[in-house]
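*Asks:* sequence first, predicted model second:
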Amino acid sequence: MKIPIRNRLLIACSGLILSALPVLAHHSFAAEYESKSLVTVTGVITKVEWTNPHIYFYVDAKDASGNVVNWAVEGYPPNTLKRTGFTRDDLKIGDTVTVTAYKAKDSSSRLAGREVTFPDGSKKFAGPAGGAAPPTDAK
């Protein structure tokens, strides 16, 4: 069966458009997070989402006024973390962790996780190194 040239062009163009969708959907670290605004948050893990394209885990931590803030911490994709030895089982709901991360530019309670310190004192990287700013207390 011979496919008309018009239909072949339509199929080819559709394929190009569909292949570009994942690129359009991905976001830039620099567009969303302050690469020089490294903060440290200590709190209790309340939720874990170990899914693509990036993991998220949520930490309840007190701010400077004593109010509890639920921080959404974004990390690398699950496969990347697993290859470095960071597994879903490392993030246990109820555990107190310390997260070094970069704050969202929109001032929300979102973070790009860099390093997680676990209750036993071990540390694992959850995300990008970003800038070289020293940690500050989250506000």
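*Replies:* Arrived safely, thanks for sending.
*Asks:* leaving out sequence neighbours, find the closest residue to Pro119.
*Replies:* Leaving out its chain neighbours, the residue that sits closest to Pro119 by CB to CB, 6 or more residues apart in numbering is Asp95, at 5.5 Å. All C-beta atoms are positioned from the backbone trio N, CA, C, and that covers glycine.
*Asks:* what of Thr84?
*Replies:* Excluding the flanking residues, the one nearest Thr84 by CB to CB, 6+ apart is Phe125, at 6.7 Å.
*Asks:* correct me, but that neighbour touches Ala112?
*Replies:* No. The pair Phe125 / Ala112 is not scored as a contact, 11.8 Å apart, by CB atoms under 8 Å.
*Asks:* these two: which is more packed in?
*Replies:* Ala112 (23 against 18; other CB atoms under 10 Å).
*Asks:* list the contacts for that one?
*Replies:* Ala112 makes contact with 29, 32-33, 73-74, 101-102, 104, 127-128, 130 under the criterion CB atoms under 8 Å, 6 or more residues apart in numbering.
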